[in-house]
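Asker: next one to model:
(2 chains)
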Amino acid sequence: MTRAEVALMGRSPERRDADFSAYLAARQPALLRTAYLLTGDAHTAEDVVQTAFAKLYLAWDRIQRSESLDGYVRRIVVNEANSLWRRPWRRRERAAEVLPETPVSDVYDDGLADRVWQVVATLPPRQRAVVVLRYYEQLTEAEIAQALRITEGTVKSQASRALATLRAAGDALNDLREES
Amino acid sequence: MTDLHDLLDSVASRPAMAESDLAAVRRRAGSIRRRRGLTTAGATALALAVVAGVGVALAPHGHDHAVPPASRSSAPVPLPDRSSPDWSMSWPASAGPASGGSAYLVTYATTAEDANGGESTVPYWSAGAITGTDGAQVTLPQRPVAFAEDPRGGWEAILGSADSGYQLVRLSATGLRIGPPEGTFARGLAVGPDGTLEVLEDGATGLDVHAVGAHGDAVHSVPGYPADAAALGLLGGSGAVFQTWPGKEVRIDSSVGLTTVHLPTGTTAGPIDSAKRLVSWQGDDGCSHVGSNEVAELWAACSGRIAGFSPDGGLALLAAPAGHPATLTLRDAISGTPRTTFTVPGGGFFGSWAWDGATLMTTVYDGHDWFLARLSTSGVTVLRGSSVPGTADQPAYVLGL
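Answerer: Got it, this is the predicted structure:
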């Protein structure tokens, strides 16, 4: 390997894979949850996240130097999820022979979470992405704008429309708190 | 007050989702790497009209194939004399000297004993139809300037000529045209490394990159893009690659920010290596140079021009002479060391080429017929049954992005 190549590649393959594995283990659970909110399907979320990490793996040396790993992989997840809406061969509704599992209730689930989820799932892709990134991932408007490649003004308008839709869905959603 | 974060968190925590391990991620990465890979000189030449392009493109997975089995060409031939002008090269001291490589003649020679299987891993147009990598054919009577698979299904094709103007046409999977042609198409069509089909157009305030399908038909504008700049190609939905004109620098606007590589005065930018972030340029000395923003110049070759880099960034392709090259050489992208040379004998030439991973699909004209050949550092494979009569200026094949 020439001096220039060493400079470009940075580190040994073993060290590279070890670093990547550590990042994979640390970030994958959270990204799976985000992907699920974006896609509404566990298997699709798994697929989207695996694709995102595969792309990150290919770009690992380049991206790691920029110290923007989280933003890079999150953007791929969002783009992959959004692209699903444009693929006619990937319909979200599929006939199934058995009913899906009944959702497990938790401390927050007095039915409100289901109602919110039903509304979020019907939002246009960009609004849905803004809601997930703003209120679940709790990114700033600037970070969302960068992830979605839109302006901060568009982030605000999309969030406003999404919240209006949520609040219009019923009295119980009227007091949704935007900030955690 | 109801906390939206907590509500969403309770929903997101419900399903039990399987995590991928490193092996699974690497397998998927390999699949993506194979899918990324094509650079079609013809398509980017349209986009650029100034320099050879870097369009990175999509090679959908192919299995069953309509193209008949292939045959391997003759054994390696002796390398040309390095002292001849065709092999003149120079290296900075850090890059080391040239070492050997193998050479092949590319001829259409099919014999039963040579058959070793093989198929086109690149979609191509021929005889009024596009043949996809799955073997399915779509009727398109007019020879396209460039075409690519549409993420939404079907194809996007550029029809027309410099004289008549160009149109972007969308075809369904059955060959039906969808919607009216888009006559505003101006600069190019390419598929980014993430599989996104993209169209370059002049915007009101700069360059507009239309990401078709995969990114929700988003338009990514490159503000301040000089009106007299020459686009080099694309880096997928994350940004564009372009050079200022006349060529003083190459600016790479990507997900990791803006990288600027300053070029020597009097040079013209050529293709880039997006994997290793190398740039190439033509100097006023008539030589092709390769360097980066970290190492000003890695190597130079004075025979022909840099015609592209393999998707993994490992190989550089040199074409000689300019115009209708009879010789293509694969070189190590970092050191410039020749790896393998392919020559079409008898006045023939390579018409176009497209990367498929580390191999190169090419259209070849031997003076009478066009045929398809796949080149790699391990040799050349000619696709049996691909020979079609034609003329030099009417290629029988157009390779897809």
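
Asker: wait, what's in contact with residue B:108?
Answerer: B:364, B:366, B:369, B:371, B:382, B:386-387 (CB atoms under 8 Å, 6 or more residues apart in numbering or on different chains). For glycine as for every other residue, the C-beta is placed from the backbone atoms N, C-alpha and C.

Asker: can I take it that it is in a helix?
Answerer: No. Read with DSSP: H, G, I helix; E, B strand; the rest coil, residue B:108 is coil and lies in no helix.

Asker: quick one on the thing from earlier: among the contacts of residue B:108, which one is most surrounded by other residues?
Answerer: residue B:364 (28 neighbours; other CB atoms under 10 Å in any protein chain shown).

Asker: other SSEs contacting the strand or helix carrying that residue?
Answerer: Per DSSP states H and E, residue B:364 falls inside strand B:359-365. Strand B:359-365 makes packing contacts with strand B:327-332, strand B:349-356, strand B:369-376, strand B:398-399 when contacts are defined by 3 or more CB pairs under 8 Å, 6 or more residues apart in numbering or on different chains; DSSP states H and E.

Asker: of these, flag the one that's most buried.
Answerer: The highest mean neighbour count among the helices and strands packed on strand B:359-365, using mean count of other CB atoms under 10 Å in any protein chain shown, belongs to strand B:398-399: a mean of 26.

Asker: pLDDT below threshold where in chain A?
Answerer: A:1-12, A:64-67, A:82-110, A:170-180 (pLDDT under 70).

Asker: could you redo the last one with a cut-off of 50?
Answerer: Applying pLDDT under 50 to chain A flags the ranges A:1-10, A:85-109, A:179-180.

Asker: returning to what we had before: what are the pairing partners of the strand holding residue B:364, and which direction each?
Answerer: With DSSP bridges as the test, strand B:359-365 is paired with strand B:349-356 (antiparallel), strand B:369-376 (antiparallel).

Asker: convert the C-alpha atoms of it to CSV, please.
Answerer: Only the C-alpha atoms of strand B:359-365 are listed here, as CSV (Å, rounded to 0.1, in the frame of the first residue of the first chain):
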residue,chain,number,x,y,z
THR,B,359,-15.6,-5.4,-14.6
LEU,B,360,-16.3,-3.3,-17.6
MET,B,361,-19.0,-4.0,-20.1
THR,B,362,-18.1,-2.6,-23.5
THR,B,363,-19.5,-2.2,-27.0
VAL,B,364,-16.9,-3.1,-29.6
TYR,B,365,-16.8,-2.3,-33.3
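
Asker: mind putting the strands paired with strand B:359-365 in TSV, mean pLDDT included?
Answerer: Output for the strands paired with strand B:359-365, formatted as TSV (pLDDT from 0 to 100):
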stretch	mean pLDDT
strand B:349-356	90
strand B:369-376	90
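
Asker: in CSV, list those along with distance to residue B:28.
Answerer: Below are the strands paired with strand B:359-365 laid out as CSV (distance: least, CB to CB, whole Å):
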stretch, distance to residue B:28
strand B:349-356, 18
strand B:369-376, 24
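
Asker: for residue B:325, which of those strands is the nearest?
Answerer: Across the strands paired with strand B:359-365, residue B:325 has its closest neighbour in strand B:349-356 (5.4 Å, CB to CB).

Asker: can I get the CA coordinates of the closest one in PDB?
Answerer: Extracted in PDB, the C-alpha atoms of strand B:349-356 (Å, rounded to 0.1, in the frame of the first residue of the first chain):
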ATOM      1  CA  PHE B 349     -12.500   0.500 -31.500                       C
ATOM      2  CA  PHE B 350     -14.500   0.500 -28.300                       C
ATOM      3  CA  GLY B 351     -17.700   2.400 -28.700                       C
ATOM      4  CA  SER B 352     -18.800   2.800 -25.100                       C
ATOM      5  CA  TRP B 353     -18.400   1.200 -21.700                       C
ATOM      6  CA  ALA B 354     -20.100   0.800 -18.300                       C
ATOM      7  CA  TRP B 355     -18.800  -0.400 -15.000                       C
ATOM      8  CA  ASP B 356     -20.300  -3.400 -13.300                       C
END
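
Asker: ok and that strand relative to strand B:327-332, angle-wise?
Answerer: 30 degrees (axes from the mean of the first three to the mean of the last three CA atoms, to 10 degrees).

Asker: how many residues are close by residue B:313?
Answerer: Count around residue B:313 with other CB under 10 Å applied: 18.

Asker: is it true that it touches residue B:274?
Answerer: Yes. If you go by CB atoms under 8 Å, residue B:313 and residue B:274 touch, sitting 7.3 Å apart.

Asker: tell me, how many neighbours does residue A:115 end up with?
Answerer: Count around residue A:115 with other CB under 10 Å applied: 16.

Asker: these two touch, right, it and residue A:169?
Answerer: Yes. When contacts are counted by CB under 8 Å, residue A:115 is listed as touching residue A:169 (6.7 Å).

Asker: who are the packing partners of the lengthiest helix in chain A?
Answerer: Criterion DSSP state H: the longest helix present in chain A is helix A:13-39. When contacts are defined as 3+ CB pairs under 8 Å, 6+ apart, helix A:13-39 sits against helix A:42-58, helix A:60-66, helix A:69-84, helix A:125-131, helix B:4-12, helix B:22-36.

Asker: no more questions from me, cheers.
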